[in-house]
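S.K.: what's the 3D shape of this:
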Amino acid sequence: MPHPIYAFGYTGRQLDAVVDNIVAADAVLVDIRFTPRSRVPTWNRKALETRLGERYRWAGDTLGNRLYKSDTIEIVDLAAGLDLIAEISEQHPVALMCVCASPVGCHRETIVTALAGSGRQVSDELLS
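M.R.: Numbers count the residues shown, from 1 in each chain. Just a heads-up that it's a prediction; the model follows:
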């Protein structure tokens, strides 16, 4: 049976709290940013890889919004990204992460809607 899926934006969150929750849940953080960089260095890909090791996975090459600099959402390869989430969730809970504090207007909402369409529920409980 697949493990739960969570989704969150890191804006306004403390990295230590997020890492603690990921580790406590035995989850994998799946970074869905097209470009895994931040103005806040602790949220950069290298920093997250260092902190989380195998619990971090960048998936912007499939689940990123290639038009992130505009108001248009175009997921790179949604089908492949959903397959990746399904694969990871067979072994671990999945925490989908992007920058946006709210899912409204964020590509995260598109991904969550696609997951719901395939029968998967997504929550933000893990990181509340």
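S.K.: Under the pLDDT cut-off, which ranges of the protein? List them.
M.R.: 126-128 (pLDDT under 70).
S.K.: Who's the closest spatial neighbour of the residue minimising distance to the centre of it, skipping the chain neighbours?
M.R.: Centroid-nearest residue in the chain: Leu96, 1.9 Å away (criterion: Cα atoms, centre = their mean). Leaving aside its sequence neighbours, Leu96 sits nearest to Ala7 (Cβ to Cβ, 6 or more residues apart in numbering; 4.2 Å). Just so you know, the C-beta spots here come from the backbone N, C-alpha and C atoms, and that holds for glycine as well.
S.K.: And what about that neighbour, helix, strand or coil?
M.R.: The three-state label given to Ala7 by DSSP: H, G, I helix; E, B strand; the rest coil is strand.
S.K.: tally of neighbours for it?
M.R.: Residues within reach of Ala7, counting by other Cβ atoms under 10 Å, total 23.
S.K.: quick one: contacts for it?
M.R.: Residues counted as contacts of Ala7 (Cβ atoms under 8 Å, 6 or more residues apart in numbering) are Ala95, Leu96, Met97, Pro103, Arg108, Ile111, Val112, Val122, Ser123, Asp124.
S.K.: Write a ChimeraX command that selects only the buried members of those residues.
M.R.: Burial among the contacts of Ala7 is assessed by 16 or more other Cβ atoms under 10 Å; the matching ChimeraX selection reads:
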select :95,96,97,103,108,111,112,122
